[in-house]
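> Only the shape, not the letters, is given here:
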């Protein structure tokens, strides 16, 4: 069944039931009113007959008057009327019981102009007048009953409307529950949880949406897996190229510079007596060769951190941070905290963690105005966690954009390992980076 069909059918059914209840309840009330009206008419006729019979069977006129009075006293409350017995002089002898109608203020105000009607029936005993029966209408009693009935009908109508609204709300809410599930699944998908799937639904059109959603999610998950695999291969190729370049710099250029340095030292020694002017140039060549060799060693450390393969990740990161701290001591202070046995991580994960910290420090030098950078590396619950927080900012913060090439490369490295990287700005303006990656 389609959602629109289900909702229309349910609302139509509830509306029909409410209409039937609204019709049947007043009909039931009318039937009760007719029964009470008939009983009241029969009761009034019976009382008049009883009075006539009591007067006719009396032994004298005095007894007849007393018999009529007793019959009226024994009468029950008559509906909307009251019977009064007076003697031939107009003195009141008896009055039928009648309850005081409880009428609301609005009814009294609107119907106060209605006056009671009175019918007079003479009472005689063998042609001797005894008095008369006065039958007086009581419109307020009728108004009170109408008011009660209207109040009941209004209450019933209110309950029917509330029940109808509640039933429609329940049906619409239940019918739209799958939509809420779809929205939650879309939110999870937007958050990067590509493994999210929707169940099968009994509503046909929502079930079709669920199937298409699951197909799209599966395709996105497969594409993300392929992208991660491709990124990892690219990163591995990049690291292999860095390794090859570092090896060539070390083996080829390093040996050549060493030879130049040795030759410059030899020239300076041999020319000390025969050509003193050449000595200074030879020493300059030797010094320049030393500086170039130092520069190459720095480049080699950036291209290929050999400490990862020898002393482990912990010591290599300490050396990296200390090296940066020496060079930028006037800019900011670095605080490093390492928790857990990080040296047990696989080599590819070691390299990723090292590159993340290296890129964070490079970005801090280029863009940050913070005076303190806190780095925390830990192993928790089968995950590698890296947190980098800048504090004590002195200038305009937020110059590092999340779309920068360096940060984009960091994000790709983290996602290639199935992790997640988040960037945010602290209330003090400093940049905050949080990254996690799973590890076996």
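On my side now, so go ahead. Every value quoted in this text rests on a predicted model; they were computed, and no experiment measured them.

> Please identify the buried residues of stretch 22-39?
The neighbour-count criterion (16 or more other C-beta atoms under 10 Å) identifies residue 25 as the buried residues of stretch 22-39. All C-beta spots, glycine's among them, are computed from the backbone N, C-alpha and C.

> And the contacts of that stretch?
Surrounding stretch 22-39, the residues in contact under the criterion C-beta atoms under 8 Å, 6 or more residues apart in numbering are 79, 145, 149, 152, 153, 156, 157, 160.

> quick one, helices of this protein?
Counting by DSSP state H, residue ranges of the helices within the chain are 3-56, 61-74, 105-111, 139-190, 204-248, 254-274, 276-303, 307-310, 313-327, 347-367, 405-416.

> if you average pLDDT over each of these, which comes out lowest?
Comparing mean pLDDT across those, the lowest value falls on helix 105-111: a mean of 59.

> now the helices of the chain in JSON lines, with distance to residue 380?
Output for the helices of the chain, formatted as JSON lines (distance: least, C-beta to C-beta, whole Å):
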{"stretch": "helix 3-56", "distance to residue 380": "45"}
{"stretch": "helix 61-74", "distance to residue 380": "95"}
{"stretch": "helix 105-111", "distance to residue 380": "73"}
{"stretch": "helix 139-190", "distance to residue 380": "23"}
{"stretch": "helix 204-248", "distance to residue 380": "22"}
{"stretch": "helix 254-274", "distance to residue 380": "42"}
{"stretch": "helix 276-303", "distance to residue 380": "29"}
{"stretch": "helix 307-310", "distance to residue 380": "22"}
{"stretch": "helix 313-327", "distance to residue 380": "16"}
{"stretch": "helix 347-367", "distance to residue 380": "14"}
{"stretch": "helix 405-416", "distance to residue 380": "16"}
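
> List only those of the contacts of stretch 22-39 flagged as buried.
Using 16+ other C-beta under 10 Å, the buried ones in the contacts of stretch 22-39 are 79, 145, 160.

> Any chance of TSV for those, columns distance to residue 98?
As requested, the buried ones among the contacts of stretch 22-39 are exported to TSV (distance: C-beta to C-beta, whole Å):
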residue	distance to residue 98
79	10
145	14
160	35
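
> Which of the residues you listed sits closest to residue 183?
Proximity of the buried ones among the contacts of stretch 22-39 to residue 183 (C-beta to C-beta) peaks at residue 160, which lies at 33.4 Å.

> So the closest one sits against residue 18, correct?
Yes: under the contact definition of C-beta atoms under 8 Å, residue 160 touches residue 18, with a separation of 5.2 Å.

> give me every residue that touches the closest residue in space to residue 79 that isn't next to it in sequence.
Counting by C-beta to C-beta, 6 or more residues apart in numbering, the nearest residue to residue 79 once its immediate chain neighbours are dropped is residue 40, at 3.3 Å. With C-beta under 8 Å, 6+ apart as the criterion, the residues that contact residue 40 are 78, 79, 80, 81.

> how about a cut-off of 7 Å?
Remark: with contacts taken as C-beta atoms under 7 Å, 6 or more residues apart in numbering, residue 40 is in contact with 78, 79, 80.

> Which pLDDT value belongs to residue 1?
In the prediction, the pLDDT value recorded for residue 1 is 61.

> if we can go back for a sec, roughly how far does the residue nearest to residue 79 sit from residue 134?
Distance of residue 40 to residue 134, computed by C-beta to C-beta, to the nearest Å: 18 Å.

> Next: residue 221.
Computed as C-beta to C-beta, the residue 221 to residue 134 distance reads 95 Å.

> I'd like to know how far the residue nearest in space to the middle of the chain sits from residue 173.
Taking C-alpha atoms, centre = their mean as the criterion, residue 184 is the residue nearest the geometric centre of the chain, at 9.2 Å. In this structure, residue 184 and residue 173 are 15 Å apart, going by C-beta to C-beta.

> Next, count neighbours for residue 438.
The number of residues packed around residue 438, counting by other C-beta atoms under 10 Å, is 12.

> Surely it touches residue 383?
Yes: under the criterion of C-beta atoms under 7 Å, residue 438 lies in contact with residue 383, with a separation of 5.6 Å.

> What are the phi and psi values at residue 75?
Note on residue 75: its backbone torsions stand at phi -70, psi 150 [degrees, to the nearest 10].

> Quickly list the domain ranges of this protein.
3-167, 194-304, 313-438 (automatic domain parsing).

> Now find how far off-centre the longest one is within its chain.
Relative to its chain's centre, domain 3-167 lies at 58 Å (C-alpha atoms, centre = their mean, to the nearest Å).

> next one: the last one
Using C-alpha atoms, centre = their mean, the distance from the centre of domain 313-438 to the centre of the chain it belongs to is 33 Å.

> Could you tell me the end-to-end distance of it?
One end of domain 313-438 to the other measures 17 Å (C-alpha to C-alpha, to the nearest Å).

> hang on, the earlier thing: and the residue nearest to residue 79, how far from residue 34?
Using C-beta to C-beta, one gets 11 Å for the distance from residue 40 to residue 34.
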